[in-house]
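*Asks:* just need the structure, nothing else, for what follows:
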Amino acid sequence: MAILKIITLINWILISIYGLGVLYILPQQGSGTGHEMAGVGSILKGVTLSLLLLFVWMNWLPYLWTKITALIFLVLLFLIIYYYLKDTF
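*Replies:* Predicted structure coming up:
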């Protein structure tokens with residue numbers, strides 16, 4: 001039972017960090033000023049917000065497998081974000 005609490009706590013910490021990032025990008029103006037990329041920014045905002053809600057929902061469920069799955073997806077998401085941002089900073 002202690003492992004479930006540890007996984008849940010790690011999930012909430014990662015979800016909070018991801019949520020702060022989502023809150024940061026939501027008021028930003030969408031990308032793509034040309035007609036080729038019109039609306040891409042708002043689509044990406046919708047996807048990131050949907051992922052945040054999915055992670056919160058998966059962490060609220062009482063099943064261990066949903067919490068472990070959410071943890072795996074969150075770690076993969078942060079690895080992908082790190083991979084694309086490592087050259088920026």
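*Asks:* okay, now Gly21: neighbour count?
*Replies:* Gly21 has 14 neighbours, counted by other C-beta atoms under 10 Å. Where C-beta positions appear, they are placed from N, C-alpha and C, glycine not excepted.
*Asks:* ditto for the one 4 residues further on
*Replies:* Ile25 sits with 13 neighbouring residues when counted by other C-beta under 10 Å.
*Asks:* for it, give me its contacts.
*Replies:* Under the criterion of C-beta atoms under 8 Å, 6 or more residues apart in numbering, the neighbours of Ile25 are Lys45, Thr48.
*Asks:* measure it to Ile81 for me?
*Replies:* Per C-beta to C-beta, to the nearest Å, Ile25 is found 12 Å from Ile81.
*Asks:* next: Thr66.
*Replies:* Remark: distance between Thr66 and Ile81 (C-beta to C-beta) = 22 Å.
*Asks:* of these two, who's got more company?
*Replies:* Per other C-beta under 10 Å, whichever of Thr66 and Ile81 has more neighbours is Thr66, with 15 against 12.
*Asks:* pull out the buried positions in the helix ranked longest in the chain.
*Replies:* Identified as the longest helix of the chain according to DSSP state H is helix 2-25. Buried residues in helix 2-25, defined by neighbour count with 16 or more other C-beta atoms under 10 Å: Ile7, Thr8, Ile10, Asn11, Leu14, Ile15, Tyr18, Gly19, Val22.
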